[in-house]
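Participant: Below: sequence and its predicted model.
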Amino acid sequence: MATKPEDAGRASTALNEEELQDLVASSDTGARDPAGTAGLVIAGIALLWSLFQLYIASPLPYTLSSLTGLPMVLNDAQSRAIHLSFGLFLAFMAFPALSSSPRDRIPLLDWVLAIVAACCALYIFVFYRALAGRPGLPITQDLIVAGIGMVLLLEATRRALGPPLAIVAMVFLAYVFFGSSSYVPDIIRWGGASFSRAMDQMWLSPNGVFGVALGVSSAFVFLFVLFGSMLDRAGAGNFFIKLAFALLGHLRGGPAKAAVLSSMMTGLISGSSIANVVTTGTFTIPLMKRVGFTPEKAGSVEVASSVNGQIMPPVMGAAAFLMVEYVGISYLEVIKHAFLPAVVSYIALLYLVHLEAVKNDMPVLPKRVTHPALVSLMRSGIVIASIVILVGVLYFAINFVKAALPNVSGTVLVAALLLAYLALIWYAAKAPDLEMDDPNAPVVELPVASEVIKTGLHYLLPLFVLVWTLMVERKSPGLSAFYAVLLLIVIILTQKPLKALFRGLQSDEQRAAIGEGITDLRVGLILGARNMIGIACATAAAGIIVGTVTLTGIGQVMAEFVEFLSGGNIFLILVFTALISLVLGMGLPTTANYIVVSSLMAPVIVELGAANGVLIPLIAAHMFVFYFGIMADVTPPVGLASFAAAAVSGGDPMKTGFTAFFYSLRTVLLPFIFVFNTDLLLIDVGWAGAVLITFKAIIAMLIFAAATQGFFMARNRIWETVSLLLVTFMLLRPGFFLDLVQPPYVETAPAQIFEAVKEEPENANIRLSIRGPNFDNPDQIDERTMAFNLGATADTGEARFEEATGLVARVEDGKVILEEPFDMNSLAGKTLSSLDFYADTPVEVTAVQVSNEGRLPREVFYIPAIILLGLVMFSQRRRGGTLGGNPHAGKPQSAQA
């Protein structure tokens with residue numbers, strides 16, 4: 001199979017179109033597409049899955065329940081069971097067991113496995129009331145079904161996603177059963193679990209396979225995957241690629257810039273970096289090679305931009321919805337925190353490929369319509385201003401209708417939406433439909449932006465509905481996606497017939513267009529479901545890891561292990577966490593990747609940060625492990641996206657992977673920055689602050705790109721590269737340098753702790769140095785430095801202290817004595833669990849540090865950053881460099897000649 005890294009590693013030539021489609025199919029939708037009854041069964045079950053998911057996401061079950069009096073609304077346990085039964089059945093039907101297994105037919109064994117696996121999942125649906133009545137007390141029948149279901153889930157996962165996730169899940173299962181073995185290192189040894197206890201945790205309760213991850217897959221992810229699949233089937237994918245080339249293709253390194261932009265737009269709706277690479281890369285990579293990019297660099301640009309699509313809201317490879325559940329904040333908050341790093345990263349990548357093109361003096365593709373630079377700039381400004389004005393007008397118009405016609409506003413707005421759709425289809429019918437150009441053609445003719453936009457404006461309506469219902473109406477992600485998919489269904493069914501009507505085509509051609517619309521809808525629904533097979537299996541299998549963490553407490557062991565390796569240094573803690581996230585993420589799809597690394601490593605960052613005096617917000621920790629988890633798609637030896645790009649470009653997969661990692665250094669840098677500088681995540685930042693932070697972050701990342709590329713206005717000298725890196729750090733993390741000059745905290749007398757806590761402003765931070773006897777060895781005295789956010793003010797310092805820290809303290813003889821935390825699962829309880837609160841020597845607070853309110857503003861270090869940047873610019877300007885980039889600047893005269 002083309003998806004296997006070892007096969008890709010041996011390939012040195014580009015795959016043809018059929019092989020590339022097989023690459024995507026075998027990784028996303030399943031390599032089997034049999035004819036006859038088997039093919040109809042796969043298509044029919046996939047279609048039924050999509051219809052089922054639309055049903056449970058719609059208001060229809062509630063309407064039917066009120067009309068009929070029957071229980072038509074499914075609870076979480078029921079919907080998750082049905083969701084997984086569809087996924088398991090299709091996994092065995094659509095994915096062959098081995099590369100040598102038949103693809104044009106389905107063996108009898110696979111039929112049996114598919115049916116049995118589906119029945120094991122449906123067992124939860126059928127007997128969920130009985131299971132709820134005997135929690136923790138499974139009967140023999142339950143255990144048999146659970147055991148068979150677990151084995152078949154692992155096999156389905158192996159087929160749909162390859163061995164990595166199945167192997168990881170089996171390792172965790174082995175730890176559940178054999179954790180007490182003498183072969184297990186002492187640091188992670190635990191008591192072990194019986195088969196009954198393990199199956200109850202993993203299959204029969206909502207704490208394992210049928211847990212939060214599968215619930216998110218069923219409630220949210222499916223609809224967004226279906227939305228992306230149907231939007232692509234409607235023609236939006238080709239529209240995005242054409243638009244990107246029309247806007248950027250004529251610039252220096254234009255195909256690479258178009259690859260970045262088109263991959264970003266595809267990433268908005270895609271949950272697969274591999275599919276993103278192949279979909280956009282088949283067109284962009286050959287064109288990048290034509291203008292001078294080597295096969296490895298062309299593939300690397302596509303990999304870097306496609307993988308970054310996974311960090312781009314609103315989908316983020318389904319991680320956005322999982323973060324809602326794991327972090328406990330709203331979906332809108334997740335989008336707000338994720339937006340700026342993703343946008344900054346893409347802007348930096350655009351600049352990086354520009355520098356690559358300038359540095360190598362690459363040619364440009366001819367532009368069909370040319371205007372003077374000033375005219376083009378004015379036209380762009382007018383377009384951007386018009387879009388901003390239109391958005392504002394729409395916002396106030398919709399709110400006016402809702403206020404003026406509260407009883408019928410919904411009907412009026414739907415009618416207005418359909419009228420807008422008809423107008424845009426009429427406008428699109430005036431231009432010929434878009435067709436994908438051949439990137440290998442002797443002459444490449446770039447499309448004209450105005451002509452491309454004309455053909456696809458109606459594709460923006462479902463995106464508008466999705467964003468409006470999510471961001472403004474504050475509907476749930478599932479309901480928002482349902483409304484967007486509903487509009488997409490209308491568009492797919494009607495766009496071709498309406499175009500045929502507006503173009504005045506014959507009646508037989510109009511009937512053919514109606515048939516094409518029905519076919520497109522059917523295929524879109526089927527492909528959407530088949531794209532979900534791997535995600536359903538991944539979220540279910542990842543539930544095994546989550547269940548193991550809950551059952552065994554391995555997460556706390558991981559925290560102790562990382563702290564032991566790092567010696568409590570917060571930077572080393574992050575480095576080791578990043579490395580572990582990379583290893584855990586190898587070969588895993590984005591969704592499973594995030595579940596695994598966040599379950600194990602996100603709490604580690606928060607706990608160890610607070611235990612060592614640094615407060616790290618939970619969302620920052622989750623974003624950190626998510627970024628490094630998806631970097632596993634890039635990094636050799638298992639970077640699947642890099643192998644896919646090499647298969648398209650014909651380049652060396654390992655070189656492509658290493659080059660892509662180098663291009664992705666900004667994605668490596670950003671998590672380390674936003675953990676310490678949460679302004680980048682727009683945490684507690686107003687609108688004015690957000691604008692300033694955005695501008696500063698963009699400038700900093702552009703400078704970072706210039707430093708890593710060794711080229712700014714001219715080729716960098718070593719001191720200039722070092723200076724640019726220092727400028728980047730000063731702009732993104734000015735507080736680091738201020739801490740060296742003025743400490744962030746000042747000490748106060750421990751006995752005055754309650755007075756100090758009461759006087760601190762809202763959301764101030766406090767650090768406590770705590771010492772006490774070790775629980776296992778009372779003669780050993782342990783010390784901790786913990787940080788806490790004091791939150792809102794309170795009437796007394798004691799009340800505020802207890803609320804913020806979860807600790808009860810009393811002052812005796814000038815000492816602050818701590819009692820055992822009342823919640824041992826709290827941050828303080830976990831951190832101080834090794835101390836003995838009942839020994840003769842008390843646990844006490846030996847030092848109290850409060851925020852240093854008299855410090856200079858950290859922005860003062862922007863001044864030396866600007867001066868240093870000016871020195872670099874002056875130095876390169878003297879050598880003939882310009883901001884546009886002069887590839888010959890800084891070269892000897894002979895080299896320029």
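Facilitator: Yep, that arrived. All of these numbers come straight from a predicted model, not from anything done at the bench.
Participant: Give the buried residues for the strand or helix carrying R511.
Facilitator: Here R511 sits within helix 507-531, counting by DSSP states H and E. Using 16 or more other Cβ atoms under 10 Å as the test for burial, helix 507-531 gives 510, 513, 516-517, 520-521, 523-531. C-betas here are computed from N, CA, C, even on glycine.
Participant: Regarding the chain, what is its longest helix?
Facilitator: Ranked by number of residues, the top helix in the chain under DSSP state H is helix 373-404.
Participant: For that helix, what does the pLDDT average out to?
Facilitator: On average, the pLDDT along helix 373-404 is 77.
Participant: Equivalent analysis for stretch 869-883, please.
Facilitator: 86.
Participant: cool, stretch 847-858 as well?
Facilitator: Rounded mean pLDDT across stretch 847-858 is 85.
Participant: what does stretch 534-553 give?
Facilitator: In this model, stretch 534-553 has a mean pLDDT of 88.
Participant: And Q53, how far from A542?
Facilitator: Per Cβ to Cβ, to the nearest Å, Q53 is found 20 Å from A542.
Participant: again with A578
Facilitator: Distance, A578 to A542, using Cβ to Cβ: 20 Å.
Participant: higher neighbour count, these two?
Facilitator: A542 (32 against 22; other Cβ atoms under 10 Å).
Participant: Could I get the contacting residues of the residue positioned nearest the centre of the chain?
Facilitator: In the chain, the C-alpha nearest the mean C-alpha coordinate belongs to M316, at 3.2 Å (Cα atoms, centre = their mean). Residues in contact with M316 (Cβ atoms under 8 Å, 6 or more residues apart in numbering) are Q310, M323, A338, T590, F626.
Participant: now do 7 Å
Facilitator: Q310, A338 (Cβ atoms under 7 Å, 6 or more residues apart in numbering).
Participant: same check, this time on I187
Facilitator: V557, F561.
Participant: Check whether A706 really touches F712, as I assumed.
Facilitator: Yes: counting by Cβ atoms under 7 Å, F712 is a contact partner of A706 at 4.0 Å.
Participant: how much space between the residue nearest to I106 when sequence neighbours are not counted and D110?
Facilitator: Closest residue in space to I106, ignoring its immediate chain neighbours: A38 at 4.7 Å, by Cβ to Cβ, 6 or more residues apart in numbering. To D110, A38 is 10 Å away according to Cβ to Cβ.
Participant: Can you give me the domain assignment for this protein?
Facilitator: Following automatic domain parsing, one gets these domains for the chain: 252-365+553-709, 715-740+855-897, 745-850.
Participant: one step back: which one's more surrounded, A38 and D110?
Facilitator: Between A38 and D110, D110 has the larger neighbour count (other Cβ under 10 Å), namely 22 against 17.
Participant: per-residue confidence for the more buried one?
Facilitator: The score at D110 is 93. That number is its pLDDT.
Participant: now for whichever strand or helix holds it, which elements pack on it?
Facilitator: Per DSSP H and E: D110 is located in helix 108-126. Using 3 or more Cβ pairs under 7 Å, 6 or more residues apart in numbering; DSSP states H and E as the contact test, the elements touching helix 108-126 are helix 76-94, helix 140-161.
Participant: Dump those helices into a markdown table; add distance to G410 as well.
Facilitator: What follows is the helices and strands packed on helix 108-126, written out as a markdown table (distance: least, Cβ to Cβ, whole Å):
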| stretch | distance to G410 |
| --- | --- |
| helix 76-94 | 26 |
| helix 140-161 | 40 |
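Participant: Nearest to A751, out of those?
Facilitator: helix 76-94 (51.4 Å; Cβ to Cβ).
Participant: Check which helices and strands the closest one sits against.
Facilitator: For helix 76-94, the packing partners by 3+ Cβ pairs under 7 Å, 6+ apart are helix 36-57, helix 108-126, helix 140-161, helix 212-216, helix 533-552.
Participant: and the closest residue to G136 other than its chain neighbours, how many residues sit next to it?
Facilitator: Using Cβ to Cβ, 6+ apart and skipping residues adjacent in sequence, the residue nearest G136 is D200, 5.9 Å away. Neighbours of D200 under the rule other Cβ under 10 Å: 25.
Participant: and what of W111?
Facilitator: Residues within reach of W111, counting by other Cβ under 10 Å, total 15.
Participant: where exactly do the strands run in this protein?
Facilitator: Assigned by DSSP state E, the strands in the chain fall at 745-748, 765-773, 781-789, 809-812, 815-818, 844-851.
Participant: To V562, which of the ones you listed lies closest?
Facilitator: Proximity to V562 (Cβ to Cβ) singles out strand 781-789 among the strands of the chain, at 15.8 Å.
Participant: helices or strands next to the closest one in the packing?
Facilitator: helix 590-611, strand 765-773, helix 797-805, helix 827-831.
Participant: now the angle between helix 590-611 and it, please.
Facilitator: Orientation check (axes from the mean of the first three to the mean of the last three Cα atoms, to 10 degrees): strand 781-789 against helix 590-611 gives 110 degrees.
Participant: so how far is strand 781-789 off the chain centroid?
Facilitator: 33 Å (Cα atoms, centre = their mean, to the nearest Å).
Participant: Give me the buried stretch members for it, please.
Facilitator: D782, R784, T785, M786, A787, F788.
Participant: Pull the most distant pair out of those residues.
Facilitator: Checking the buried residues of strand 781-789 with Cβ to Cβ, the most distant pair is D782 and F788, at 18.6 Å.
Participant: any weak-confidence spans in the stretch 151-300 of the chain?
Facilitator: Along the stretch 151-300 of the chain, segments meeting pLDDT under 70 span 268-272.
Participant: Go again with 80.
Facilitator: Within the stretch 151-300 of the chain, the stretches with pLDDT under 80 are 184-188, 249-250, 253, 265-276, 278-280, 282-283.
Participant: Please put the alpha-carbon coordinates of stretch 762-772 into CSV.
Facilitator: Written as CSV, here are the backbone C-alpha positions of stretch 762-772 (Å, rounded to 0.1, in the frame of the first residue of the first chain):
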residue,chain,number,x,y,z
GLU,A,762,-7.8,41.0,41.5
ASN,A,763,-6.2,38.1,39.6
ALA,A,764,-2.8,38.8,41.2
ASN,A,765,-0.3,35.9,41.6
ILE,A,766,1.4,34.7,44.8
ARG,A,767,4.2,32.3,45.3
LEU,A,768,4.7,30.2,48.4
SER,A,769,7.8,28.3,49.6
ILE,A,770,6.6,25.3,51.5
ARG,A,771,8.6,22.8,53.5
GLY,A,772,7.8,19.7,55.5
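Participant: which other helices and strands contact the longest helix of the chain?
Facilitator: Secondary-structure packing of helix 373-404 (3+ Cβ pairs under 7 Å, 6+ apart): helix 409-428.
Participant: can you list the residues that contact the helix it packs on?
Facilitator: 398, 401-402, 405, 454-455, 457-458, 461, 491, 495, 498-499, 502.
Participant: Adding distance to S833 and neighbour count as columns, could you present the residues you listed in a markdown table?
Facilitator: Formatted as a markdown table, the contacts of helix 409-428 follow (distance: Cβ to Cβ, whole Å; neighbours: other Cβ atoms under 10 Å):
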| residue | distance to S833 | neighbour count |
| --- | --- | --- |
| I398 | 53 | 17 |
| V401 | 58 | 16 |
| K402 | 53 | 14 |
| L405 | 60 | 13 |
| K454 | 65 | 15 |
| T455 | 63 | 24 |
| L457 | 59 | 16 |
| H458 | 59 | 25 |
| L461 | 55 | 19 |
| I491 | 57 | 26 |
| Q495 | 61 | 24 |
| L498 | 66 | 21 |
| K499 | 67 | 19 |
| F502 | 71 | 15 |
